[in-house]
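Undergrad: Give me a model of this one.
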Amino acid sequence: MKFCMGVKVIFLDSSFLVSLGVDSDQNHNIAEEIKESLKERRYGEALISDYVFDEIVTVTLQKTKSLERARKVGDNLRKSMRIIGIDREIFEESWRIFKNQKNTKFSFTDCSIIAVMDANGIKNIATFDKDFKKVEEINVVG
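TA: Residues are numbered from 1 along each chain as shown. Below you'll find the predicted structure:
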């Protein structure tokens with residue numbers, strides 16, 4: 001799945017997007033600041049995967065207890081950024097990363113993010129998940 005080679009892209013992790021969408025989240029204010037740099041496209045085009053979309057709307061629903069709020073977040077994501085589907089190749093690489101991790105506790109979705117980023121030469125990620133800082137090839141914004 002190569003779709004953005006040569007194009008500047010930033011992957012948005014669910015921890016960043018949930019913090020942005022939930023006013024009471026501990027990282028909300030920092031997420032708002034990062035959002036401004038995204039508007040300026042300092043890191044290029046914003047992108048998420050279908051797995052991250054799933055996490056965001058689910059966690060938003062759980063945190064806010066509002067289906068309307070979760071719907072609004074999902075609709076906004078669908079309108080404002082590219083959402084890529086995880087294909088079989090990325091799935092298999094994600095599983096390999098998940099099984100072989102040693103000093104991290106990445107979820108399978110996090111492993112799929114690493115696989116997508118690696119396959120497409122994406123270096124930047126907006127996240128509050130500190131484990132991403134342990135991956136040398138990734139620049140954490142957040």
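
Undergrad: Name the nearest residue to Leu20, sequence neighbours excluded.
TA: The shortest distance from Leu20 to any non-neighbouring residue, by Cβ to Cβ, 6 or more residues apart in numbering, is to Ala31 (4.0 Å). Where C-beta positions appear, they are placed from N, C-alpha and C, glycine not excepted.

Undergrad: what's the burial count for the one you found?
TA: Using other Cβ atoms under 10 Å, Ala31 is surrounded by 21 other residues.

Undergrad: Go through the helix or strand where it lies and flag the buried ones.
TA: Following DSSP states H and E, the helix or strand that holds Ala31 is helix 28-39. Within helix 28-39, the residues that count as buried by 16 or more other Cβ atoms under 10 Å are 31, 34, 38.

Undergrad: Please enumerate the helices of this protein.
TA: Along the chain, counting by DSSP state H, helices occupy 14-21, 28-39, 50-64, 67-80, 88-100, 108-120.

Undergrad: helices and strands around the one helix or strand in the chain whose mean pLDDT sits lowest, which ones?
TA: For the chain, counting by mean pLDDT, DSSP states H and E, helix 14-21 ranks last in confidence among helices and strands (a mean of 87). Under the contact criterion of 3 or more Cβ pairs under 8 Å, 6 or more residues apart in numbering; DSSP states H and E, helix 14-21 touches helix 28-39, helix 50-64, helix 67-80.

Undergrad: Tell me what angle it forms with helix 50-64.
TA: Angle, helix 14-21 to helix 50-64, by axes from the mean of the first three to the mean of the last three Cα atoms, to 10 degrees: 40 degrees.

Undergrad: And the contacts of helix 14-21?
TA: Helix 14-21 has contacts (Cβ atoms under 8 Å, 6 or more residues apart in numbering) with 25-28, 30-32, 34-35, 48, 52, 55-56, 59-60, 63, 69, 73, 77, 109, 126-129, 142.

Undergrad: among the residues you listed, which ones are buried?
TA: When the contacts of helix 14-21 are checked for burial by 16+ other Cβ under 10 Å, the buried set is 25, 27, 31, 34, 48, 52, 55-56, 59-60, 69, 73, 77, 109, 126-129, 142.
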